[in-house]
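Need coordinates for the following:
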Amino acid sequence: MYRIPDDDRLERAIRTVLKKEGHIRSQAEMTAHVLKELRKEDEEYRVSGGRIRRVAIERNILRVDIDYNMQDDRSMPDVCPVCGYPMSTVSNSTLDGRESDIGRQCTRCPYQTGPKRRTPGRYTFSKGGHAKDGMAAAERAAMMREASKLMRKAASMVESATKGTEYERRGKGCAKSIERTVSSKKDTNGLNNIVKDMTAGVPETPRGTADIRNTKLKDI
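Numbering: from 1, shown residues only. This is a model prediction of the structure:
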């Protein structure tokens, strides 16, 4: 029989390990240290390296550096493989004025990928933190716009998946509900109104936000 530590207990163990070690050279080493610390309290504790990493990033406990492997796969993830947070689109303007997607960047941690997909190969951990807390209103609004795009894409997928089936009517109803959540001008909880409030008196696209223009991904 084994036990799973809650996030608060896990955070305490990670902080203790970082205080003792300072710098940890791999995910496996981090996992071993954290498990050793947890089992001082209960020998039955079990936790995966992935969960340790995600909790540490979510709570901005440490700094994580990533060594990448390159793949020919040109698909781009919508969810970060490092921490599980949504990915934002990195765009560039073409010569004819159109926008071209050139990559994805995590909205929480340092992970980013470009035309050739980059997969995490090795992690190193150290004291500090660089999660994207304390964002300006315009940065948050940019993330909301990205959420709107993804929700509209989801609505379209629901309609396509149910079209021609006995669930078509329900699928259309679901898609309409999603669209109302995104674009309603009456609902104060709708994304459209939240974005308007966020962007009142601030630039629409600040540097380093989820809607990055005319930038290049580092080391891609």
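
Show me where the chain has its helices.
In chain order, the chain shows helices spanning 7-21, 27-38, 49-58, 137-162, 168-183, 191-198, with DSSP state H as the criterion.

Helix 191-198 and the fourth one, what's the angle between them?
Between the axes of helix 137-162 and helix 191-198, defined by axes from the mean of the first three to the mean of the last three C-alpha atoms, to 10 degrees, the angle is 170 degrees.

give the contact list for the nearest residue to residue 122 once chain neighbours are set aside.
Ranked by C-beta to C-beta, 6 or more residues apart in numbering and with sequence neighbours excluded, the top spatial neighbour of residue 122 is residue 67, at 4.1 Å. The C-beta positions use only the backbone N, C-alpha and C, and glycine is treated the same way. If you count contacts by C-beta atoms under 8 Å, 6 or more residues apart in numbering, residue 67 has them with 120-124.

circling back: right, so the helices of the chain: which one is the most enclosed?
Most buried of the helices of the chain by mean neighbour count (mean count of other C-beta atoms under 10 Å) is helix 49-58; its value is a mean of 21.

outside of it, which residues touch it?
Taking contacts as C-beta under 8 Å, 6+ apart, the residues outside helix 49-58 that touch it are 7, 10-11, 14, 27-28, 30-31, 34, 61-62, 64, 82-84, 108-109, 123, 125, 131.

Let me know the angle separating it from helix 7-21.
Counting by the same axes, to 10 degrees, helix 49-58 points 90 degrees away from the direction of helix 7-21.

any weak-confidence spans in the protein?
Per-residue confidence for the chain (pLDDT under 70) gives these ranges: 93-99, 130-141, 198-220.

Now the phi/psi pair for the residue nearest the centre of the chain, please.
Within the chain, the residue whose C-alpha comes closest to the C-alpha centroid is residue 85; the distance, by C-alpha atoms, centre = their mean, is 2.2 Å. Backbone torsions for residue 85, taken as degrees, to the nearest 10, come to phi -80, psi 160.

Tell me the spacing between it and residue 77.
11 Å (C-beta to C-beta, to the nearest Å).

shared neighbours of those two, anything?
When contacts are counted by C-beta under 8 Å, 6+ apart, the set common to residue 85 and residue 77 is empty.

that older thread, relative to residue 176, which of the contacts of residue 67 is nearest.
For the contacts of residue 67, the minimum distance to residue 176 (C-beta to C-beta) is 38.8 Å, reached by residue 120.

Cool, thanks, signing off.
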